[in-house]
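Novice: Model the following, please.
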Amino acid sequence: MKPPEQDQLLKDVLGGEEPSDLRAASLEQALGMLRRRRRHRLVTATALLALTFATAGGLLLKRVQPAPDRPVASNLSRPQAATPQAANLPPIKFISDDELLALFPNRSVGLIGSHGHQTLEFFDEADAQE
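Specialist: Alright, predicted model coming up:
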């Protein structure tokens, strides 16, 4: 107990009041304390729930917005014609890792990284001169 609560208890016990009055006062104090605790739990739970919804909403809005490196179509009702430069380009040919390494004979090269996210690294002196 805190000192002010102890003083109040001593005043109530030694004050000469009836035991029923002491019980009623003690009951009122206990009920008041329980109400404050319940109110505190309710406010804390509401704040955590609001924070959770705000975080989820922020994440959802972040996913919905287009990426800055992608072009955004300004007129969706009219299809865009292909540019002449794109029509004249040959299709892209994908090669395997072995075919890529074979393009650099007599050089110390290696593919660094996980599959699909690799970079071609040169380990010989010819790379430093380029």
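
Novice: Show me where this structure has its strands.
Specialist: 109-112, 119-122 (DSSP state E).

Novice: So which of those strands is nearest N88?
Specialist: strand 119-122 (27.9 Å; C-beta to C-beta). For every residue, glycine as well, the C-beta is placed using N, CA and C.

Novice: any low-confidence regions in this structure?
Specialist: 1-2, 12-13, 15-17, 64-87, 126-130 (pLDDT under 70).

Novice: Please repeat the previous calculation with a cut-off of 80.
Specialist: Residue ranges of the chain with pLDDT under 80: 1-3, 5-6, 8-22, 63-88, 116, 125-130.

Novice: just the helices in it please.
Specialist: 3-14, 19-64, 84-88, 97-102, 125-129 (DSSP state H).

Novice: Hmm, E121 and G110 touching each other?
Specialist: Yes: the criterion here is C-beta atoms under 8 Å, and G110 meets it with E121 at 5.4 Å.

Novice: how about stretch 100-110 as PDB, C-alpha atoms only?
Specialist: Taking C-alpha atoms only, stretch 100-110 is exported to PDB below (Å, rounded to 0.1, in the frame of the first residue of the first chain):
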ATOM      1  CA  LEU A 100      27.400 -16.700 -71.200                       C
ATOM      2  CA  LEU A 101      30.700 -17.900 -69.700                       C
ATOM      3  CA  ALA A 102      31.800 -19.300 -73.100                       C
ATOM      4  CA  LEU A 103      31.500 -15.700 -74.600                       C
ATOM      5  CA  PHE A 104      34.700 -14.800 -72.500                       C
ATOM      6  CA  PRO A 105      37.300 -17.400 -73.300                       C
ATOM      7  CA  ASN A 106      40.700 -17.100 -71.600                       C
ATOM      8  CA  ARG A 107      39.300 -14.700 -68.900                       C
ATOM      9  CA  SER A 108      38.600 -15.300 -65.300                       C
ATOM     10  CA  VAL A 109      34.900 -14.800 -64.900                       C
ATOM     11  CA  GLY A 110      32.200 -16.000 -62.600                       C
END
